[in-house]
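Asker: Sequence plus predicted model, see below.
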Amino acid sequence: MAETHVLFVEDDDVIREATQLALERDGFAVTAVPDGLLGLEAFRADRPDIALLDVMVPGLDGVSLCRRIRDESTVPVIMLSARADSIDVVLGLEAGADDYVTKPFDGAVLVARIRAVLRRFGHASGPAGDGGPAGRQEQGGALTFGDLEVDTDGMEVRRAGKPVSLTPTEMRLLLEFSSAPGTVLSRDKLLDRVWDYGWGGDTRVVDVHVQRLRTKIGQDRIETVRGFGYKLKA
């Protein structure tokens, strides 16, 4: 079985070299570069399985690099940020990143987060449920909610008959909502089911992805239930 190829963009020589060695010891093939422009070149040349992008790198910052990658691919992206409360975290997620890890990070935690993201992307067609509450029309693998159609077999989404392009993380999030329309799903439950967090996580990841999903399927399709979470309008 081929090694998982990781693109790692980090300008700190010590962090870059130590992290590369740690990832290689865990069986990953790693391309490590010190700036965003080289990162974009490496991404286009190597087509890695996952990208780890530090937010603050020269040439092309990590957020801008994430946007460029997302314009071309749905490959999973994890942002690395030096501060948990930084606006950079939200900017990275809004740019299309699937997750983030705060620096300094433990190597084992980073590897666990990478594997969790890869599991999600390898099983993006997770359970869509069968049957379900009233208000949802179902034909074969297709679920319809007004003008929104979710094809759970083909992993395709259409709005008013037009295709909607979703990343695998956005698709998994929509599948969770589609499996229980009208049911409130808490942020913690979504972190567990969509992001595969077996531990507490930052709910900003959920909030930003919900907002990104809303811009694609309709702002009023997913309702915020203040103090509890979100639900898909049946």
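Answerer: Thanks, I have it. Numbers count the residues shown, from 1 in each chain.
Asker: Give the next helix or strand downstream of the least confident helix or strand in the chain by mean pLDDT.
Answerer: Every helix and strand in the chain was compared by mean pLDDT, DSSP states H and E; the lowest is strand 137-139, with a mean of 41. Toward the C-terminus, strand 137-139 is succeeded by strand 142-145 as the next helix or strand (DSSP states H and E).
Asker: how close does Thr74 sit to Ala180?
Answerer: 25 Å (Cβ to Cβ, to the nearest Å). (Each C-beta comes from the backbone N, C-alpha and C, glycine too.)
Asker: and if you look at Lys231?
Answerer: Lys231 sits 8 Å away from Ala180 when distances are taken as Cβ to Cβ.
Asker: With Gly39 instead?
Answerer: For Gly39, the distance to Ala180 equals 39 Å [Cβ to Cβ].
Asker: and these two? which has more neighbours close in?
Answerer: Neighbour count, other Cβ atoms under 10 Å: between Gly39 and Ala180, Gly39 has more, with 29 against 16.
Asker: quick one: pLDDT of the more buried one?
Answerer: pLDDT recorded at Gly39 is 97.
Asker: Same check on the one 3 residues further on?
Answerer: Note on Ala42: pLDDT of 97.
Asker: Going by secondary structure, it is in what exactly?
Answerer: Per DSSP H and E: helix 36-46 holds Ala42.
Asker: can you list contacts of the helix or strand just after that helix?
Answerer: Using DSSP H and E, the helix or strand that follows helix 36-46 towards the C-terminus is strand 50-54. Here strand 50-54 makes contact (Cβ atoms under 8 Å, 6 or more residues apart in numbering) with 4-12, 19, 36, 39, 43, 62, 65-66, 69, 75-81, 92, 97, 103, 110, 114, 117-118.
Asker: Filter those down to the buried ones, PyMOL style.
Answerer: Only the buried entries of the contacts of strand 50-54 go into this PyMOL selection, using 16 or more other Cβ atoms under 10 Å:
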select buried, resi 4+6+7+8+9+10+11+19+36+39+43+62+65+66+69+75+76+77+78+79+80+81+92+97+103+110+114+117+118
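Asker: Filter the contacts of strand 50-54 down to the ones in helices?
Answerer: Of the contacts of strand 50-54, the ones assigned to helices by DSSP state H are 19, 36, 39, 43, 62, 65-66, 69, 92, 110, 114, 117-118.
Asker: Pull the most distant pair out of these.
Answerer: Across the ones in helices among the contacts of strand 50-54, the longest distance by Cβ to Cβ is 22.8 Å; it joins Gly36 and Leu118.
Asker: picking that back up, need the ones in helices among the contacts of strand 50-54 in CSV with distance to Arg25, can you?
Answerer: Below are the ones in helices among the contacts of strand 50-54 laid out as CSV (distance: Cβ to Cβ, whole Å):
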residue, distance to Arg25
Thr19, 11
Gly36, 26
Gly39, 22
Phe43, 23
Gly62, 24
Leu65, 26
Cys66, 26
Ile69, 26
Gly92, 27
Leu110, 12
Ile114, 13
Val117, 19
Leu118, 17
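Asker: Can you report how many residues neighbour Trp44?
Answerer: Trp isn't right for residue 44; it's Arg. Neighbours around Arg44, by other Cβ under 10 Å: 12.
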